[in-house]
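K.L.:
prediction below, plus the sequence it came from.
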Amino acid sequence: QVQLAESGGGLVQAGDSLRISCAASGGTFDRYAMGWFRQAPGKEREFVGAGSRMCCYTLYEDSVEGRFSISRDDAKNILYLQMNRMEPEDTAVYYCAAGRTGPWSIPRLEHEYNFWGQGTQVTVSS
């Protein structure tokens with residue numbers, strides 16, 4: 001059983017940068033593809049981006065492509081989401097997730113993930 005804990009959320013202004021983290025415990029981190037999802041008020045949870053188990057394939061949702069970047073530190077069991085040039089539309093609760101997949105797969109659907117964190121709030125003011 002893998003436990004995931006997000007941290008680093010907060011209030012930023014439009015155009016700012018923010019990095020949020022996801023610490024994993026209870027499992028072998030490098031056996032999982034890792035992804036980020038977000039849920040804005042009144043909306044369904046949506047895919048943000050994900051990375052494969054093996055270095056270094058990533059996939060991003062169109063609206064964050066070129067602004068957001070995912071990285072992972074397998075030695076520390078931490079997943080990061082670097083968010084640059086943030087927009088008010090990025091306001092949401094951000095969730096990390098871990099999925100048992102093949103080494104090069106990049107899952108983007110919720111049912112492909114086995115474990116989820118509790119989320120961290122990110123608010124972008126205009």
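P.N.:
Sure thing, it's come through.
K.L.:
give me the most central residue, the chain.
P.N.:
Taking Cα atoms, centre = their mean as the criterion, Trp36 is the residue nearest the geometric centre of the chain, at 2.3 Å.
K.L.:
what are the ranges of the helices in this structure?
P.N.:
Ranges of helices in the chain, per DSSP state H: none exist.
K.L.:
tell me if I'm right that Ala33 and Ile106 touch.
P.N.:
Yes. The criterion here is Cβ atoms under 8 Å, and Ala33 meets it with Ile106 at 6.3 Å. In short, each C-beta sits where N, CA and C put it, glycine included.
K.L.:
these two: which is more packed in?
P.N.:
Using other Cβ atoms under 10 Å as the criterion, Ala33 and Ile106 rank with Ala33 on top: 26 against 20.
K.L.:
pLDDT score assigned to that one?
P.N.:
With respect to pLDDT, Ala33 scores 95.
K.L.:
partner residues bridging it?
P.N.:
Applying DSSP bridges to Ala33 yields these beta-bridge partners: Gly99.
K.L.:
kindly report the same for Ser21.
P.N.:
Ser7, Tyr80.
K.L.:
next, work out how far apart it and His111 are.
P.N.:
25 Å (Cβ to Cβ, to the nearest Å).
K.L.:
settle it for me: which of those two has more neighbours?
P.N.:
Taking other Cβ under 10 Å, Ser21 and His111 do not tie; Ser21 has more neighbours (17 against 7).
K.L.:
correct me, but that one touches Gly9?
P.N.:
No. Ser21 lies out of contact with Gly9 (Cβ under 8 Å); the separation is 9.7 Å.
K.L.:
who's in contact with the nearest residue to Phe47 once chain neighbours are set aside?
P.N.:
Leaving out its chain neighbours, the residue that sits closest to Phe47 by Cβ to Cβ, 6 or more residues apart in numbering is Arg108, at 4.7 Å. By Cβ atoms under 8 Å, 6 or more residues apart in numbering, the residues touching Arg108 are 35, 47, 50, 59.
K.L.:
hang on, isn't the second one packed against Phe37?
P.N.:
The reference is to Phe47. Yes. Look at Phe47 against Phe37 with Cβ under 8 Å: they come within range, at 5.7 Å.
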